[in-house]
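Engineer: Here is a sequence with its predicted model. Questions after.
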Amino acid sequence: MTRLAIFQDIKLINRFPRLDDADVISIFGDLKVDYTRTALEPGDHQMHLTTFFGDVKLRFPESVGFQITGFSLFGDVEVENLRTGDEEQTGTNYITENFATAPVRIQVHIITVFGDFEIVRVPIEPGAPAAVYQAAHLDQHADEQPWSATDGAYEGETSRLPRRQ
């Protein structure tokens with residue numbers, strides 16, 4: 001399965017249980033893929049991601065182990081864990097702490113030039129169909145009305161701005 005974005009942004013929800021050599025290429029565009037909706041088959045998977053002047057953001061359940069290898073020029077490679085709040089700039093040689101024991105292991109090969117690459121590890125309770133945005137992230141704006149998502153696809157928050165008189 002190859003995904004290509006040239007001068008455009010792509011937002012996808014993965015619906016495939018296997019990532020057999022998934023190729024993603026982004027040129028002058030951003031790519032966001034959510035892998036939290038469909039359970040991936042246990043075992044090893046491989047992805048090849050290339051970005052030139054664009055950003056790639058992937059969301060995985062935190063139980064998935066992954067290894068990042070590749071090359072980055074004028075771009076950041078980051079791994080963020082929503083449960084712990086940890087955010088690391090890992091570089092292109094990184095292995096998650098659970099890679100050896102994870103039921104699903106993904107080897108991510110990246111090339112990024114003038115673009116950022118980010119993996120967001122999302123906590124998902126066993127049996128839950130999708131991730132739920134953690135309420136702890138909303139505590140800082142408890143007096144505002146946050147956007148609510150029942151399916152967990154939204155990764156940020158919004159609030160109503162005061163009306164100008």
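Structural biologist: It's in.
Engineer: what comes up buried for stretch 23-31?
Structural biologist: Burial within stretch 23-31, assessed by neighbour count using 16 or more other C-beta atoms under 10 Å, is assigned to 24, 25, 26, 27, 29, 30, 31. No exception for glycine: its C-beta is placed from N, CA and C like everyone else's.
Engineer: Show me the shaky parts of this structure.
Structural biologist: Low-confidence segments of the chain (pLDDT under 70): 1, 21, 125-165.
Engineer: quick one, strands of it?
Structural biologist: Counting by DSSP state E, the chain has strands at residues 2-6, 10-13, 22-27, 31-34, 43-52, 56-61, 65-73, 77-81, 87-89, 94-95, 104-113, 117-122.
Engineer: Can you give the distance of stretch 50-69 from its chain's centre?
Structural biologist: 6 Å (C-alpha atoms, centre = their mean, to the nearest Å).
Engineer: could I get it in CSV with only the CA atoms?
Structural biologist: Written as CSV, here are the backbone C-alpha positions of stretch 50-69 (Å, rounded to 0.1, in the frame of the first residue of the first chain):
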residue,chain,number,x,y,z
THR,A,50,9.8,9.6,3.0
THR,A,51,9.1,13.3,3.4
PHE,A,52,10.5,16.4,1.6
PHE,A,53,9.3,19.7,2.9
GLY,A,54,6.4,18.1,4.7
ASP,A,55,5.6,16.6,8.1
VAL,A,56,4.5,13.1,8.9
LYS,A,57,2.6,12.3,12.1
LEU,A,58,1.6,8.7,13.0
ARG,A,59,-0.6,7.6,15.9
PHE,A,60,-0.1,4.1,17.3
PRO,A,61,-1.4,2.3,20.4
GLU,A,62,1.3,2.5,23.1
SER,A,63,1.4,-1.3,23.2
VAL,A,64,2.9,-1.4,19.7
GLY,A,65,6.7,-1.7,19.7
PHE,A,66,8.6,0.1,17.0
GLN,A,67,12.1,0.6,15.8
ILE,A,68,13.1,3.8,13.8
THR,A,69,16.0,3.8,11.4
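Engineer: tell me which residues in that stretch are buried?
Structural biologist: Buried, per 16+ other C-beta under 10 Å, within stretch 50-69: 50-62, 64-68.
Engineer: before we move on, the earlier item: nearest to residue 93, out of the buried residues of stretch 23-31: which one, please.
Structural biologist: The closest of the buried residues of stretch 23-31 to residue 93 turns out to be residue 24 (C-beta to C-beta; 19.6 Å).
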